[in-house]
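> need coordinates for the following:
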Amino acid sequence: MKKFFALTLVVAFSLLISACSDRPVAPQQVPQPIHMFVRQYFPGQSITYAEKDLEITGYKYDVFLADGTHIDFDTDNVWDKIECNMTRTVPTALIPAPLVVNIKASFPDAMILKIDKERYGYDVELANGIELKFNKQGVLQEMDD
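Take a look at the predicted model:
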């Protein structure tokens, strides 16, 4: 009986893991709030590829725009990570104001290519290769080049 229970657990866990993997979805299947976000902050761009990831609390989406921008959205369809390439920077309107002030003061000509929300705050990557870690209040905690 113990072997049957253990085998059942292994099968159930395997099914759960396979259900949680990223699955490609048609751009039209991405929720409307994500399309509205793209139109507002990345005008002229369209979603060319999307993945849907099942989480315990709902679905997360990873979308790729025509210009190569990659945006991760959480289960509430709010951005979690934005990665741009050298042709576009992360829109300033999406970056918390304290981070913008801090970055402009230290790196006035810096292009922000990536921002990632973390439990402790934010990870930011600049075009010059410098990586910055900020706490939730926007205070610089660490810098790596």
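
> excluding its backbone neighbours, what's nearest residue 35?
Closest residue to residue 35 apart from its sequence neighbours, by Cβ to Cβ, 6 or more residues apart in numbering: residue 47 at 7.2 Å. (Each C-beta comes from the backbone N, C-alpha and C, glycine too.)

> touching, that neighbour and residue 67? I think so.
No: using Cβ atoms under 8 Å, residue 47 makes no contact with residue 67, being 11.3 Å away.

> neighbour-wise, which of these two wins?
Between residue 47 and residue 67, residue 47 has the larger neighbour count (other Cβ atoms under 10 Å), namely 21 against 14.

> give me the contacts around stretch 121-136.
Contact with stretch 121-136 is made by 86, 89, 95-96, 98-99, 102-103, 107, 110-116, 118, 120, 137-138, 140-145, as judged by Cβ atoms under 8 Å, 6 or more residues apart in numbering.

> now list the buried members of the residues you listed.
Among the contacts of stretch 121-136, those classed as buried by 16 or more other Cβ atoms under 10 Å are 89, 95-96, 98-99, 102-103, 107, 110, 112-116, 138, 140.
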